[in-house]
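[1] Generate coordinates for the sequence data below:
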Amino acid sequence: MTRAVTQRRPRTATRVAVVGIDGAGRTTICRLLQDGAFVKQRRIDQDLTVVHALRPYETPGAPFRHLSRKLHSLATAAELLGQPELKAAALYLQLSTYAPVEHFLCEAYLPETLVTAGHPLVDTLAHLPIQRPPAVASEGDWQHAIDPDVLAAAEAWADGIGCPTDLRALGHDVLSLYGLPVEQLLERFRRRFRVNLPEVVILLDVDPAEAVRRLGGEGDGDAFALAQRLGGRDVSEARLAILREQYLRTADWLETTGVVVHRIDVTGRSAPRVANLVRGKLPRSWSVPISPPRQEAPHLQWAGDLVAGVLA
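    Here you go, the predicted model:
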């Protein structure tokens, strides 16, 4: 009797993080990588899923889209209110959604490659060492300046992952770790975020002045609209120059840990051109390429079950 043999793809996806300073284009590039028209035009064979590490609400079919929008609003409000501890707490809570989102997408779609715009560990290693906790704790009754639904969602998520619900206390705790050696910093946040380093990091390197222009941070633009779009992140040229150097140092260090790092200079290059360069760095597919799944996205309750397993 002849037995049919069905070859199954491995459930472990290769994780590729596309990182860089604001204005480097990581979100735009990741969108292009999964854009149907872009893929068809270039006859690309690929089996990948793309997710935004900081804003999963930008990923169709991902869990926590409602929560991540509220956390984005919290980060924006914290910057506009001048509350550094609250801003640090908001960013921490945003990045804490990544592990269950990653787990959910890998279980639901079985991609060979999971491409992320940003990464909680890589971005933390780049950002936190150049942060400083304020010499004097922030004051003021900031709760009344934030949408109660936003605040309630953030506090509930903090409680659910075992963090203080006093968000300024949480932010102070995060900022107090800025001086740790990079090895300790990695281990501390690896445990906190319950996630490992990606196998591949693609660093999009851009001149800070061009990054500011791309972001619309020059001229008479609406400062509030810019802050809202970026979740309250500082995009001054001086700040981005410091952050760029930190990303370069982080990339150098990651290579010593066995992570494959590719550096791509994106200054003066169009988004489609950069997307082609990034695609060339992705792991080669070994199986017959498939189209993105057409079935209805798995129910969010499944995501909740998976989250319970991740956070247990």
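[2] thought A17 was touching V122?
    Yes. Here A17 reaches V122: they are 5.5 Å apart, a contact under C-beta atoms under 8 Å. Glycine gets a C-beta too; all of them are placed from N, C-alpha and C.
[3] tell me, what's touching the two both at once?
    198, 201 (C-beta atoms under 8 Å, 6 or more residues apart in numbering).
[4] So R263 belongs to a strand, correct?
    Yes. Assessed by DSSP: H, G, I helix; E, B strand; the rest coil, R263 belongs to a strand.
[5] State the helix or strand in which T124 lies.
    T124 is part of helix 120-127 when elements are defined by DSSP states H and E.
[6] which helices and strands does that helix pack with?
    The contact analysis (3 or more C-beta pairs under 8 Å, 6 or more residues apart in numbering; DSSP states H and E) places helix 120-127 against strand 14-19, helix 84-95, helix 182-193, helix 237-256.
[7] Between these, which one is closest to L277.
    L277 lies closest, by C-beta to C-beta, to one member of those: strand 14-19, at 11.1 Å.
[8] Near the closest residue to L32 other than its chain neighbours, how many other residues are there?
    Leaving out its chain neighbours, the residue that sits closest to L32 by C-beta to C-beta, 6 or more residues apart in numbering is A275, at 4.0 Å. Neighbour count for A275, taken as other C-beta atoms under 10 Å: 24.
[9] for the one 5 residues further on, same thing?
    Using other C-beta under 10 Å, G280 has 9 neighbouring residues.
[10] Just the pLDDT at it, thanks.
    Per-residue pLDDT puts G280 at 91.
[11] Need the three-state assignment for N276.
    Recorded secondary structure, N276: helix (three-state DSSP).
[12] Check it and give its pLDDT.
    On the pLDDT scale, N276 gets 92.
[13] now it: how far from V200?
    N276 sits at a distance of 17 Å from V200 (criterion: C-beta to C-beta, to the nearest Å).
[14] Please apply the same query to T28.
    From T28 to V200 the distance is 19 Å (C-beta to C-beta).
[15] the more surrounded of these two?
    It is V200, of T28 and V200, that has more neighbours when counted by other C-beta under 10 Å, with 19 against 16.
[16] The more buried one bridge partners, please.
    Beta-bridge partners for V200, by DSSP bridges, are V16, V260.
[17] For it, list the residues it contacts.
    Per C-beta under 8 Å, 6+ apart, neighbours of V200: 14-17, 259-262, 281-283.
[18] where does the stretch 201-312 of the chain have low pLDDT?
    Applying pLDDT under 70 to the stretch 201-312 of the chain flags residues 217-235, 285-312.
[19] which residues of the chain fall in helices?
    Per DSSP state H, the chain has helices spanning 26-33, 36-41, 65-81, 84-95, 98-109, 120-127, 148-160, 167-175, 182-193, 208-215, 223-230, 237-256, 271-279, 300-311. These are given in chain order.
[20] how deep is V195 tucked in, by neighbour count?
    For V195, using other C-beta under 10 Å, the count is 22.
[21] Roughly how far does C106 sit from S96?
    In terms of C-beta to C-beta, C106 sits 18 Å off from S96.
[22] Find the nearest non-adjacent residue to L95, please.
    That would be P120: by C-beta to C-beta, 6+ apart, it lies 3.9 Å from L95.
[23] Could you measure from the one you found over to T49?
    From P120 across to T49, the span is 17 Å (C-beta to C-beta).
[24] now E85
    For E85, the distance to T49 - C-beta to C-beta - is 34 Å.
[25] quick check, distance from stretch 118-136 to the centre of its chain.
    13 Å (C-alpha atoms, centre = their mean, to the nearest Å).
[26] Also stretch 144-157?
    22 Å.
[27] Just the residues contacting that stretch, thanks.
    66-67, 70-71, 73-74, 77, 81, 89-90, 93, 96-97, 143, 165, 167.
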